[in-house]
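K.L.:
Here is my input, please return the structure:
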Amino acid sequence: QVQLVESGGGLVPPGGSLRLSCAASGFTLDSYAIGWFRQAPGKEREAVSCISSRHGATYHADSVKGRFTISRDNAKNTVYLQMNSLKPEDTAVYYCAADYRPWGNLLCRQDAMDYWGKGTLVTVSS
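P.N.:
Modelled structure (predicted):
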């Protein structure tokens, strides 16, 4: 059964850090670009960060540039999102998604994703 499972969410004060993990089962991630998306209360889901299957290409939304870093460990079939200097406006449910794209280009779009996780809640509040 193909699954993506996010973990690492929680409550953190402003300025704090969290590392989200996205673990795949039922398939291997090495031919997939992986994206992190988020949906805040009352807002549409938006792209946060994406990483290509190879060559290390990444995308970060302007709102998280310099604060968030996406990385992958294909040996562990896992992708990470390191989130630093968190702000209250980062509060959202964070989803990871996989896009079959083995040639290494990057298209960080929701409609390109083949598989989705169920999300993990990140709350930034004092």
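K.L.:
From now on I want contacts and neighbour counts done on CA atoms only, so please keep to that.
P.N.:
OK.
K.L.:
middle-most residue in this structure, spatially?
P.N.:
By Cα atoms, centre = their mean, the chain has its centre lying nearest to W36, at 2.3 Å.
K.L.:
Run through the bridge partners of that residue.
P.N.:
Counting by DSSP bridges, W36 is bridged to S49, C96.
K.L.:
That one and Y94 touch, don't they?
P.N.:
Yes. Between W36 and Y94 a contact is recorded at 6.7 Å, counting by Cα atoms under 8 Å.
K.L.:
Span of stretch 6-13 from start to end?
P.N.:
With Cα to Cα, to the nearest Å as the measure, the ends of stretch 6-13 fall 21 Å from one another.
K.L.:
Now tell me what touches that stretch from outside.
P.N.:
Among residues not part of stretch 6-13, those counted as contacts by Cα atoms under 8 Å, 6 or more residues apart in numbering are 18-23, 86, 95-96, 117-126.
K.L.:
Show me these that map onto strands.
P.N.:
For these, the ones inside strands are 18-23, 95-96, 120-124, with DSSP state E as the criterion.
K.L.:
rewinding a little: from the contacts of stretch 6-13, which would you call buried?
P.N.:
18, 20-23, 86, 95-96, 117, 119-125 (16 or more other Cα atoms under 10 Å).
K.L.:
tell me the two of these that are most distant?
P.N.:
Put simply, by Cα to Cα the two of the buried ones among the contacts of stretch 6-13 set farthest apart are A23 and S125, 26.5 Å from each other.
K.L.:
give me every residue that touches the nearest residue to T91 once chain neighbours are set aside.
P.N.:
Spatial nearest neighbour of T91, excluding adjacent residues (Cα to Cα, 6 or more residues apart in numbering): T123 at 4.6 Å. Counting by Cα under 8 Å, 6+ apart, T123 makes contact with G9, G10, L11, V12, P88, D90, T91, A92.
K.L.:
tell me which of the residues you listed is nearest to Q3?
P.N.:
Set against Q3, the nearest of the contacts of T123 by Cα to Cα is G9 (18.0 Å).
K.L.:
For that closest one, give me phi and psi.
P.N.:
Backbone geometry at G9, expressed as degrees, to the nearest 10, gives phi -70, psi 170.
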